[in-house]
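Colleague: Structure of the sequence below:
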Amino acid sequence: MTDLLAVTLGNTSVAAATAGAGGALRDVCREPLERLEAMLGPRLEAAEGPVCVCSVNPPALGRLRRTAEAAGRDPPKVAGLDFPVPIRTDVAEPARVGTDRLLAALAAHRRTQGACIVVDVGTAVTVDAVDEAGTFLGGAIFPGPRLMARSLADGTAQLPPVEISSVGAGNQVIGKNTEAAIRIGVTRALSGALGYILTAMLLELGVQGPVFVTGGDAPATENEADVKDTRYVVAPDLVLEGLVLAWGEPREP
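Modeller: Down below sits the predicted model:
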């Protein structure tokens, strides 16, 4: 099998990886969305196998298609459009569920073969439940740390923009200046929201399954006392894993 180039397009970042016959990811890289062409152009030119993509960002998908065309490649195959995501759903509007959420849930269930929760920390934070049989049950969505910080700058007259470079905030909760206060508020809001939602969701799910955390800010959340747990599995590339799994699933000709 010729290597597959898998790409995920989010609201603020792009990630890519190569996968061979065994499905293991290699050469994973993640960049801000503004670097899409610079990051993917050379990889598209060098790739010999198929290209598949998970996109929650239609304008970015258009840019990727133009970049592929410039590299002499056929348009990338899009998960959910050109090939299905092989996971059952039990939600009111299945067509409106983000493909990234479904792919992460697929990968998490394949890892654990049982009920689990998947947290994706990016521009938005999604917390989704999967049952024992591998059915996607739905979940919760709230703003991610950088979006929280940006909303304060955009929605107020005097609060400054603050870069949230790390989710971990240590034990300090009394900020000595405005920037520190915003960082503490944002990180504690994330920690508290995750802690509450995870506790309630595990109770509602009725099974103490593992919690998989993915996305660009996934590693930093492991240090948050309110959400750290013995079942807490940090897997930053879970959507890419699910994309490779979905692509490799047998399909009707």
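Colleague: could you pull out the helices for the chain?
Modeller: Along the chain, the segments classed as helices by DSSP state H run 36-46, 58-70, 99-112, 145-155, 178-205, 218-221, 238-248.
Colleague: Alpha carbons of the second one, as CSV, please.
Modeller: What that stands for is helix 58-70. These are the backbone C-alpha positions of helix 58-70, laid out as CSV (Å, rounded to 0.1, in the frame of the first residue of the first chain):
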residue,chain,number,x,y,z
PRO,A,58,-14.7,25.4,4.2
PRO,A,59,-12.4,28.3,3.2
ALA,A,60,-9.4,26.4,4.4
LEU,A,61,-10.6,23.3,2.4
GLY,A,62,-10.7,25.6,-0.7
ARG,A,63,-7.1,26.7,-0.1
LEU,A,64,-6.0,23.0,0.3
ARG,A,65,-7.7,22.1,-3.0
ARG,A,66,-5.9,25.0,-4.7
THR,A,67,-2.6,23.9,-3.1
ALA,A,68,-3.1,20.4,-4.3
GLU,A,69,-3.9,21.5,-7.8
ALA,A,70,-0.7,23.7,-7.9
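Colleague: Report the inter-axis angle for that helix versus helix 36-46.
Modeller: 40 degrees (axes from the mean of the first three to the mean of the last three CA atoms, to 10 degrees).
Colleague: now for helix 58-70, which elements pack on it?
Modeller: With contacts taken as 3 or more CB pairs under 8 Å, 6 or more residues apart in numbering; DSSP states H and E, helix 58-70 sits against strand 4-9, helix 36-46, strand 51-55. No exception for glycine: its C-beta is placed from N, CA and C like everyone else's.
Colleague: and it, average pLDDT?
Modeller: Helix 58-70 carries an average pLDDT of 97.
Colleague: What residues sit buried inside that helix?
Modeller: By 16 or more other CB atoms under 10 Å, the buried positions in helix 58-70 come out as A60, L61, R63, L64, R65, T67, A68.
Colleague: pretty sure the last one contacts P76?
Modeller: Same thing as A68. Yes: with contact defined as CB atoms under 8 Å, A68 counts as touching P76 (5.8 Å).
Colleague: and for the two, which residues touch both?
Modeller: Common contact partners of A68 and P76 (CB atoms under 8 Å, 6 or more residues apart in numbering): V51.
Colleague: Tell me how far the residue lying closest to T135 once chain neighbours are set aside lies from A107.
Modeller: Leaving aside its sequence neighbours, T135 sits nearest to R88 (CB to CB, 6 or more residues apart in numbering; 4.5 Å). Going from R88 to A107 by CB to CB, to the nearest Å gives 15 Å.
Colleague: out of the two, which sits in the more crowded spot?
Modeller: Remark: of R88 and A107, A107 carries more neighbours, 25 against 12, as counted by other CB atoms under 10 Å.
Colleague: So the more buried one sits against A246, correct?
Modeller: No: A107 lies out of contact with A246 (CB under 8 Å); the separation is 9.1 Å.
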